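Colleague: sequence plus the predicted model coming up.
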Amino acid sequence: QVQLVESGGGLVQAGDSLRLSCAASGGTFSNYAMAWFRQAPGKDREFVSSISLSGLRTYYADSVKGRFTISKENAKKMVYLQMNNLKPEDTAVYFCAAGIYGPTMFENNYKYWGQGTQVTVSS
């Protein structure tokens, strides 16, 4: 059983940066691919980024490519999402997820989820 807790969300202006963190407990963290998803009001949850078990492979949604960077520290059981040049359309609740299959962009491949952290970007 893996527990995930996200932090680092907040209210920022367009063009600002934020770094989201996801702390994991339980399980063997290095066995899991990790991902970030987000859900905007009235919309379905969508893939943002994922990273392999080793941290060597990363994937991004086209909408965030070049602006967001995912990273993973297995020793600390942490995964991060550095978000630069934020846009109002990035406003959403951001979720951290862990799964033994991946890294993929499909929600069904991730067994464990955090409660989410709110990111609001004003124009």
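Modeller: That came through fine.
Colleague: switch to C-alpha atoms for all contacts and neighbour counts from now on
Modeller: Will do.
Colleague: assign the residue nearest the centre of the chain to helix, strand or coil.
Modeller: Centroid-nearest residue in the chain, with CA atoms, centre = their mean: W36, separated by 2.3 Å. Recorded secondary structure, W36: strand (DSSP: H, G, I helix; E, B strand; the rest coil).
Colleague: that one and S50: what is the separation?
Modeller: Look at W36 and S50: by CA to CA, to the nearest Å, they are 6 Å apart.
Colleague: for S54, give me its contacts.
Modeller: S30 (CA atoms under 8 Å, 6 or more residues apart in numbering).
Colleague: confirm that it sits in a helix.
Modeller: No: applying three-state DSSP, one finds S54 to be coil, outside a helix.
Colleague: any idea of the pLDDT on it?
Modeller: On pLDDT, S54 comes in at 87.
Colleague: separation between it and V79?
Modeller: To V79, S54 is 12 Å away according to CA to CA.
Colleague: and for A92?
Modeller: A92 is 18 Å from V79, by CA to CA.
Colleague: which one of these two has more residues nearby?
Modeller: For the pair A92 and V79, the greater number of neighbours falls to V79 (25 against 21), based on other CA atoms under 10 Å.
Colleague: how about the closest residue to G102 other than its chain neighbours, what does it touch?
Modeller: Leaving aside its chain neighbours, G102 sits nearest to A33 (5.6 Å; criterion: CA to CA, 6 or more residues apart in numbering). Listed by CA under 8 Å, 6+ apart, the contact set of A33 reads S50, I51, S52, L53, A98, G99, I100, Y101, G102, P103.
Colleague: of those residues, which is the nearest to V119?
Modeller: S50 (18.3 Å; CA to CA).
Colleague: need the three-state assignment for that closest one.
Modeller: Going by three-state DSSP: S50 is strand.
Colleague: my read: it touches P103, true?
Modeller: Yes: counting by CA atoms under 8 Å, S50 touches P103, with 5.6 Å between them.
Colleague: thanks a lot, catch you later.
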